[in-house]
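here are the coordinates; sequence isn't available:
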Ligand code: ATP
C-alpha cells in the first residue's frame with residue numbers, strides 16, 4: 001500500500017483546565033502536550049500499525065524532542081522531521097468557553113514549522129508513500145504548499161490517494177492563496193473528512209445535502225462527516241451509512257477529529273467495511289476526548305476493541 005504521510009505543523013499545546021474564563025483566569029494551565037493536527041493524525045495511524053510518516057520541522061529544543069520522541073515511540077517514521085537551529089518549536093494555548101467552543105492562541109507563524117522544507121529526507125519519504133493526508137490547518141504555512149503539490153503529483157502518479165480534513169482554525173491565516181490551495185485539494189481528494197460547518201467551507205451550498213451531492217458529483221469517492229456526540233456518516237454515490245457515537249464523558253475535545261480521520265482512513269486502507277471503519281473511527285474519537293492532551297488518547301486496535309466492547313453507544 002505504501003505509507004500514509006502528512007505534512008505540517010508540530011507544536012506543543014498548553015490548555016486551560018477551567019471553562020468559560022479568559023486566559024488570565026484560566027489557572028492552572030496544563031501541558032506542554034505533543035500536538036499539531038498533522039502530528040496527532042500521524043501518531044494515530046502509527047499506533048494502529050499503519051506505516052506512517054510526517055514531513056515537518058521542530059526547533060532544537062525540549063518541545064521539539066517531546067514530539068519527536070513520542071512519534072518515534074508510537075511507530076511513526078520521523079526521518080523527515082527537520083530540526084531548525086534558527087526557530088523554536090511552536091505552541092498553542094487552548095481555552096474552552098461555556099458553549100463548548102474553543103479559542104486557540106497560536107505561536108507558530110515564526111516557529112520552526114515555517115521552515116518545513118522539501119529536503120532529501122522529505123523526498124525519500126514521498127518516494128515511498130501510497131497516501132497523502134492534508135490537514136487544512138497546515139495550509140496556513142506557505143512553506144507547506146509546494147511540498148503538498150510535489151507529494152500529491154508523485155503519489156497520484158503511482159496510483160496513490162489523497163484525503164483532506166478541512167480542519168480550519170479561525171485563528172490561523174486564511175489568505176487568498178490559502179483558499180486557492182484548499183480548493184485545489186478539495187478537487188483532488190479521494191476522501192474528504194469535514195465536520196459540521198467545514199462542509200460548507202469545502203463547498204458553499206444552501207444545505208448539507210446540496211454540498212454533499214455537489215462534492216460527490218465532482219468526483220470525491222467518500223465524504224465522511226464528523227458529527228461530534230452524534231457520531232459520523234459516510235456519503236458515497238451508493239448512499240449514506242451512519243454510525244452512532246459512543247457514550248463517554250468528554251474531558252478535552254481537541255484531537256478527536258484527527259484521531260477519527262486517521263482511524264477511518266487506516267481501516268479503509270486495511271480493507272475494513274464502511275460500517276466497521278466508522279465504528280473504529282467513532283471509538284478512536286470518543287476515546288481521545290476522555291483524555292486531557294490532544295495526543296494522549298491515541299489508540300491501538302486492541303485498545304479500540306476493548307473500548308468498543310465496554311462502552312455503550314448513544
Ligand atoms: P477536533 O477539531 O476537536 O479534533 P472535529 O471537530 O474535527 O474535532 P468531532 O466531530 O468533534 O471532530 O469529533 C470526531 C469524532 O470523534 C466524532 O465524529 C465522534 O465519533 C467522536 N467524538 C467527538 N466528541 C465526542 C463526544 N463528546 N462523545 C463521543 N464521541 C465523540
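That came through fine. The structure presented is a predicted model; accordingly, all values stated were derived computationally and were not measured. Residues are numbered from 1 along each chain as shown.

CA atoms for contacts and neighbours, from now on please.
Noted.

contact partners for residue 144?
By CA atoms under 8 Å, 6 or more residues apart in numbering, residue 144 lies in contact with 7, 8, 116, 117, 138.

is it true that residue 192 touches residue 164?
Yes - using CA atoms under 8 Å, residue 192 is in contact with residue 164, at 5.0 Å.

identify the contacts common to the two.
residue 186.

ok, these two, which is more surrounded?
Higher neighbour count among residue 192 and residue 164: residue 192, with 29 against 23, using other CA atoms under 10 Å.

residue 103 versus the closest residue to residue 45 other than its chain neighbours, what's the distance?
Nearest non-adjacent residue to residue 45, counting by CA to CA, 6 or more residues apart in numbering: residue 262, 5.3 Å away. The gap separating residue 262 from residue 103 is 24 Å, by CA to CA, to the nearest Å.

those two: who's more crowded?
With neighbours defined as other CA under 10 Å, residue 262 and residue 103 compare such that residue 262 has more, 29 against 16.

where do the helices sit along this protein?
All helices of the chain, identified by DSSP state H, fall at 37-47, 62-73, 120-128, 144-157, 176-188, 198-202, 208-217, 256-269, 274-289, 301-310.

what are the buried residues along the fifth one?
Within helix 176-188, the residues that count as buried by 16 or more other CA atoms under 10 Å are 178, 179, 181, 182, 185, 186, 188.

around the ligand, pick out the residues from the chain.
By CA under 6 Å from any ligand atom, the residues of the chain that approach the ligand are 195, 226-229, 231-232, 245-248, 250, 253-258, 260, 282, 285-286.

mind checking how far residue 301 is from residue 47?
As judged by CA to CA, residue 301 and residue 47 stand 8 Å apart.

neighbour count for these two, which is higher?
When residue 301 and residue 47 are compared for neighbours, residue 47 comes out ahead with 21 against 14, by other CA under 10 Å.

what residue in the stretch 51-200 of the chain comes nearest to the ligand?
With CA to the nearest ligand atom as the measure, residue 195 is the residue of the stretch 51-200 of the chain nearest to the ligand, at 5.3 Å.

which residue, neighbours along the chain excluded, lies closest to that residue?
Nearest one to residue 195, counting by CA to CA, 6+ apart, is residue 226 at 4.5 Å.

shaky segments in the stretch 151-300 of the chain?
Along the stretch 151-300 of the chain, the model assigns pLDDT under 70 to residues 170, 173.

does residue 66 touch residue 34 like I think?
Yes - using CA under 8 Å, residue 66 is in contact with residue 34, at 6.5 Å.

more neighbours: the two, which one.
The residue with more neighbours, out of residue 66 and residue 34, is residue 34; 26 against 16, by other CA under 10 Å.

the one residue sitting closest to the centre of the chain - nearest residue in space that isn't next to it in sequence?
In the chain, the centroid-proximal residue (CA atoms, centre = their mean) is residue 258; its distance is 3.5 Å. Ranked by CA to CA, 6+ apart and with sequence neighbours excluded, the top spatial neighbour of residue 258 is residue 41, at 4.8 Å.

lovely, talk soon.
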